[in-house]
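Chemist: generate coordinates for the sequence data below:
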Amino acid sequence: MHAQALIADGRAVVVDETPDGEVVARCLDGQHDAFRQLVERYGDLVYRTVYLMTHDRTLAEDLTQETFAHAWRGLETFRRDAAFRPWLMRIAANRVVSHRRRRLLAIVPLAWGERRASESASPEERLRLAEDRDEMRDAIATLPHAQRQAVVLRYYAEMSVPEIAQATGWREGTVKSRLHRALARLRSLLEPAREE
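Modeler: Residues are numbered from 1 along each chain as shown. A predicted model of the protein is given here:
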């Protein structure tokens, strides 16, 4: 086990640094408790990403559980030389798409960005940050689903273009094209508001 102790709030916290591939190998070798490490490692990321795509906390919780259940059942199909995170995020994205098809889910505005004003910010600065966050959320809500998914995975989940391609099943060129179109649309929506 590769672990490192960090000091947080005056107490030691053990951080497991075992590579994902080793954890998956242990799961496949019958050490079912090892899967808990992957859930602890990626649970928040999957939940936040799904929430940004659905803007529904209860649904995000359900789809996060579905994602990990699907990953558990599909572990034998995981290539041990591949990266686990993009594989898992692809499952999460597919759970959202699948649910959307099943329920004709209308994607609502994202709770984009958790940017917060510092404690010393003036009331005017706090108001401007809130307005910026609302404008960004509303602008992202206008994007077609595929472009929104690309933006959320790139800028919120902080995945690279190759990771997004692997997670979504799109070609890298398709990812770049969708990001380019999405950013151009966001610029066209947000820049006029800034000029006013």
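Chemist: for residue 104, give me the pLDDT.
Modeler: Predicted confidence (pLDDT) for residue 104: 42.
Chemist: check residue 176 too.
Modeler: 95.
Chemist: residue 134 now?
Modeler: 72.
Chemist: after whichever helix or strand it is part of, which helix or strand is next?
Modeler: Counting by DSSP states H and E, the element that carries residue 134 is helix 123-141. Counting by DSSP H and E, the next helix or strand C-terminal to helix 123-141 is helix 145-151.
Chemist: mean confidence for that following helix?
Modeler: On average, helix 145-151 scores 87.
Chemist: what about stretch 74-85, start to end distance?
Modeler: 14 Å (C-alpha to C-alpha, to the nearest Å).
Chemist: quick check: mean pLDDT of stretch 52-64?
Modeler: 88.
Chemist: list the buried residues in that stretch.
Modeler: Neighbour-count burial for stretch 52-64, counted by 16 or more other C-beta atoms under 10 Å, picks out 52-56, 59-60, 63-64. The way it works is simple: take the backbone N, C-alpha and C, and place the C-beta from them, glycine included.
Chemist: hey, where'd the strands end up in the protein?
Modeler: With DSSP state E as the criterion, the chain has strands at 3-8, 11-16.
Chemist: before we move on, back to that, biggest separation within the buried residues of stretch 52-64, which pair?
Modeler: 55 and 64 (14.3 Å; C-beta to C-beta).
Chemist: now residue 37. Nearest residue, chain neighbours left out?
Modeler: Spatial nearest neighbour of residue 37, excluding adjacent residues (C-beta to C-beta, 6 or more residues apart in numbering): residue 23 at 5.1 Å.
Chemist: what do you get for residue 48?
Modeler: Nearest non-adjacent residue to residue 48 (C-beta to C-beta, 6+ apart): residue 156, at 7.1 Å.
Chemist: before we move on, back to that, can you tell me which of the buried residues of stretch 52-64 is closest to residue 174?
Modeler: residue 53 (17.9 Å).
Chemist: domains for this structure, by residue range?
Modeler: 21-108, 112-196 (automatic domain parsing).
Chemist: worst-scoring helix or strand of the chain, pLDDT-wise?
Modeler: Here the helix or strand of the chain ranked lowest by mean pLDDT, DSSP states H and E is strand 3-8, holding a mean of 48.
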